[in-house]
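Dropping the sequence and predicted coords here.
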Amino acid sequence: MTSGASAEQTVGSGPGRVLVALYGVFALAASARAAVQIATKFAEAPLAYLLSAFAAVVYIVLTVALARGARRTALVACAIELAGVLIVGTLSLADAQAFPHATVWSGYGSGYGFVPLVLPVIGLVWLLRPRRS
Amino acid sequence: MIGAFSGWLIGATLLLALVAVITAIRDRPMGVVLLAGLAVLEVALLVQAGLALADLGQVREKATFIGYLAATVVLPPAAVWWGRAERTRWGPGVIAVAAFTVAVMTGRLLQLWDATA
């Protein structure tokens, strides 16, 4: 990308830097949680724990994409994250039996102060805001 | 791990997060005060990790507990590294996020500790 240098400046700096920090924390928390769940009690709820791992991957991709200014990758990952938290959140409330074990996205992220629900919205607003050249 | 020590640690960490937020609101970059605060916090977190590991036998969820311990120790240096490059109000913003996360994680550590004590 020819505009790569300036895009890097705008996506990963300023307010974007705080966003990267938040996503970094969630990448760390989600992957650690998924690793522990899969390593110690995978058989109890394979679906929930695979979802945890998937969420962790999405957060890691987002952290790296935002930090490096990869706008398109970050946008796609943000959309997947928003879809994930809405779908899993709804399913976990509608069919609690299918999700007996918590994931980051259960109950729209209520176990994490609803930050998983708010974060992708802020991310999309930040990525889609009008750019001045 | 001594409960009182970690309790004070949570209070001090939240205070540091507050100072960082105030710095960000006043539109100042990260200064000596925040840097010194993070350095003191890191030393306190290392002490906490040492105390906790010395008495690890009574914790049931060892893997989770050690994970939180490691994360609390790693976060302040990561915040300095990521916040230092940003010489605007958003540098302290990063530190506020990190400090608040450390406070929450220390709270979770206390919960895991008390569950078995």
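Cool, got the structure.

Name the residues of the longest helix belonging to chain B that are buried.
In chain B, taking DSSP state H as the definition, the longest helix is helix B:90-114. By neighbour count on 16 or more other Cβ atoms under 10 Å in any protein chain shown, the buried set for helix B:90-114 is B:90-110, B:112-113. The C-beta positions use only the backbone N, C-alpha and C, and glycine is treated the same way.

Also near chain A: which of the residues you listed, exactly?
The residues of the buried residues of helix B:90-114 that also fall near chain A, by Cβ under 8 Å from any Cβ of the partner chain, are B:90, B:91, B:93, B:94, B:97, B:98, B:101.

Spatially, and excluding backbone neighbours, which residue is closest to the fifth one.
What it means is residue B:97. residue A:21 (4.5 Å; Cβ to Cβ, 6 or more residues apart in numbering or on different chains).

Show me where chain A dips below the pLDDT cut-off.
A:1-9, A:98-101, A:131-133 (pLDDT under 70).

Just the helices from it, written as ranges.
Using DSSP H, helices in chain A cover A:4-12, A:15-41, A:46-68, A:71-94, A:115-128.

Can I get those helices in CSV including distance to residue B:49?
As requested, the helices of chain A are exported to CSV (distance: least, Cβ to Cβ, whole Å):
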stretch, distance to residue B:49
helix A:4-12, 30
helix A:15-41, 16
helix A:46-68, 24
helix A:71-94, 31
helix A:115-128, 25
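
residues contacting the residue nearest the centre of chain A?
Geometric centre of chain A, nearest residue: residue A:59, 3.9 Å, by Cα atoms, centre = their mean. Residues counted as contacts of residue A:59 (Cβ atoms under 8 Å, 6 or more residues apart in numbering or on different chains) are A:23, A:26, A:27, A:30, A:31, A:81.

which non-adjacent residue is nearest it?
Sequence neighbours aside, residue A:27 is the residue nearest to residue A:59 in space, at 3.9 Å (criterion: Cβ to Cβ, 6+ apart).

ok, the one you found touching residue A:60?
Yes - if you go by Cβ atoms under 8 Å, residue A:27 and residue A:60 touch, sitting 4.5 Å apart.

More neighbours: which of the two?
For residue A:27 versus residue A:60, neighbours defined as other Cβ atoms under 10 Å in any protein chain shown are more numerous around residue A:27 (21 against 18).

I'd like the distance between that one and residue A:86.
Per Cβ to Cβ, to the nearest Å, residue A:27 is found 20 Å from residue A:86.
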